[in-house]
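Requesting a structural model of the entry that follows:
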Amino acid sequence: MSDPVRALLAKAGRAIHAAEVLLKGSEADFAIGRAYYAMFYTAEALLVSKGLRFRKHGRVHAAFGEHFAKGEVLDPKFHRWLLDTYDQRILGDYGVDATLTLEDAARAIQQAREFVQVARTYLQIG
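From the prediction side, this is the model:
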């Protein structure tokens with residue numbers, strides 16, 4: 001597998017670690033942001049493995065949906081999780097009265113972990 005794919009998956013792993021640290025500090029909104037980025041880097045890695053690169057979040061979301069969720073190459077739930085966690089990240093980053101909970105953050109982190117693991121299996125990276 002290419003170095004950019006491995007680098008993106010490594011970055012996803014670091015984002016999950018950061019999310020866990022933030023969760024332990026009761027920072028739900030910021031933990032969700034890092035969990036989202038773990039999913040985003042994972043989606044990017046999968047797209048890069050097909051020779052596709054995009055700069056904007058919306059383009060990554062759409063391309064991941066088209067190339068992996070639509071044909072059920074991977075379970076479409078990962079696309080839904082990516083989109084839902086993006087919405088939560090926006091709420092947490094820009095909302096003044098964010099209502100995100102520690103449970104929301106723990107769920108996002110678990111989803112990110114699962115997404116990374118499925119991507120690693122798909123890409124045959126141990």
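
just the helices in the chain please.
3-24, 28-48, 57-64, 77-94, 102-122 (DSSP state H).

Now for Ala19: which residues touch it?
Ala31, Ile32, Gly33, Arg34, Ala35, Ala38, Ala105, Ala108, Ile109, Ala112 (C-beta atoms under 8 Å, 6 or more residues apart in numbering). (C-beta placed from N, C-alpha, C; glycine too.)

and the fourth one, how many neighbours?
A count of neighbours around Arg34, defined by other C-beta atoms under 10 Å, yields 24.

pLDDT below threshold where in the chain?
The model of the chain has pLDDT under 70 over residues 1, 126.

coming back round to it: adding distance to Gly71 as columns, could you present the helices of the chain in a markdown table?
A markdown table is the format used below for those (distance: least, C-beta to C-beta, whole Å):
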| stretch | distance to Gly71 |
| --- | --- |
| helix 3-24 | 20 |
| helix 28-48 | 13 |
| helix 57-64 | 12 |
| helix 77-94 | 11 |
| helix 102-122 | 13 |
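
Of all those, which one is nearest Lys70?
Nearest to Lys70 among the helices of the chain is helix 77-94; the distance by C-beta to C-beta comes to 8.4 Å.
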